[in-house]
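Colleague: here is my input; please provide its structure:
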Amino acid sequence: MEPVFAAVLGFLCGSIPFGLILTRAAGLGDVRKIGSGSIGATNVLRTGNKGLAAATVLLDAAKGALPVLAAAHLWPGTEGIVAVAAVAGHCFTPWLAFKGGKGFATAAGVLAALAWPAMLACAAIWATVLAVSRISSVSSMTTVVAAPLVAWGLGYPEVMAPLVAIAVIVLIQHRANIGRLMRGEEPKVGAKS
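Modeller: The predicted model follows:
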């Protein structure tokens, strides 16, 4: 039963829609009604409130990292299950009709808990790709695809399988972005909408 408990813990923690909670608490309405309709930090940034966007990143990362760390103490060996479940909870939150965010910040949080050196290397990849492309979705997708290889290269082969599963979830959530990229319509960071 430990893997089941671990999955439930990860999913429930991941399902907390911090982006929506913060924007509503700040009197900015429903973040799902603007931009991409996502509850993640990139869409929260479209409200014009950088502080709320930063808080959303931190909280979305924490809701991935904390259950993984808890599982390491409560049910050692279930960390990968918790990691995938937390990202799935963020992307398919039951409180919002199984809709949610793109999963990148939560994926970063679980990677930090699973293999922090790999997370630091992936942060460098993300920053480099963002600086070159100036497209948030390109940097996010490139980073999650690279993460399993980075983890393996840094000596964490045991986390490759959950990171591959997380990459699949994040890529599925970016399907609209992929369509816009193919049409040349994906907005660049800082561009006027």
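
Colleague: mind listing what's buried along stretch 104-118?
Modeller: Neighbour-count burial for stretch 104-118 flags 104-115, 118 (criterion: 16 or more other Cβ atoms under 10 Å). C-beta: built from backbone N, CA, C; applies to glycine.

Colleague: for those, give me CSV that also has distance to Asp60, pLDDT and secondary structure.
Modeller: Rendered in CSV, the data for those read as follows (distance: Cβ to Cβ, whole Å; pLDDT from 0 to 100; DSSP: H, G, I helix; E, B strand; the rest coil):
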residue, distance to Asp60, pLDDT, secondary structure
Phe104, 8, 95, helix
Ala105, 4, 95, helix
Thr106, 5, 97, helix
Ala107, 9, 97, helix
Ala108, 8, 97, helix
Gly109, 7, 97, helix
Val110, 11, 97, helix
Leu111, 13, 98, helix
Ala112, 12, 97, helix
Ala113, 13, 97, helix
Leu114, 16, 97, helix
Ala115, 19, 97, coil
Ala118, 19, 97, helix
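
Colleague: closest to Gln173 among these?
Modeller: Checking the buried residues of stretch 104-118 against Gln173 with Cβ to Cβ, the nearest one is Phe104 at 8.6 Å.

Colleague: doesn't Val145 make contact with the closest one?
Modeller: No. Look at Phe104 against Val145 with Cβ atoms under 8 Å: they stay out of range, at 11.7 Å.

Colleague: just the CA atoms of stretch 89-97, as PDB, please.
Modeller: Extracted in PDB, the C-alpha atoms of stretch 89-97 (Å, rounded to 0.1, in the frame of the first residue of the first chain):
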ATOM      1  CA  GLY A  89      -1.800  16.600  -9.700                       C
ATOM      2  CA  HIS A  90      -0.800  20.100 -10.900                       C
ATOM      3  CA  CYS A  91      -1.600  19.500 -14.500                       C
ATOM      4  CA  PHE A  92      -4.900  17.600 -13.800                       C
ATOM      5  CA  THR A  93      -6.200  19.100 -10.600                       C
ATOM      6  CA  PRO A  94      -9.500  17.600  -9.500                       C
ATOM      7  CA  TRP A  95     -10.600  20.900  -7.900                       C
ATOM      8  CA  LEU A  96     -10.600  22.500 -11.400                       C
ATOM      9  CA  ALA A  97     -12.400  19.800 -13.400                       C
END
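
Colleague: can you tell me what sits against that stretch?
Modeller: With Cβ atoms under 8 Å, 6 or more residues apart in numbering as the test, stretch 89-97 has contacts from 10-17, 20, 32, 39, 60, 63-64, 98-103, 106, 169-170, 172-173.

Colleague: go with 7 Å
Modeller: When contacts are taken as Cβ atoms under 7 Å, 6 or more residues apart in numbering, the neighbours of stretch 89-97 outside the stretch itself are 10-15, 17, 60, 98, 100-101, 103, 106, 169, 173.

Colleague: one more: stretch 138-157?
Modeller: Against stretch 138-157 from outside (Cβ under 7 Å, 6+ apart): 102, 104, 107, 111, 115, 117-118, 121-122, 125-126, 129-130, 133, 159-160, 163-164, 166-167, 170-171, 174.

Colleague: cool, thanks, signing off.
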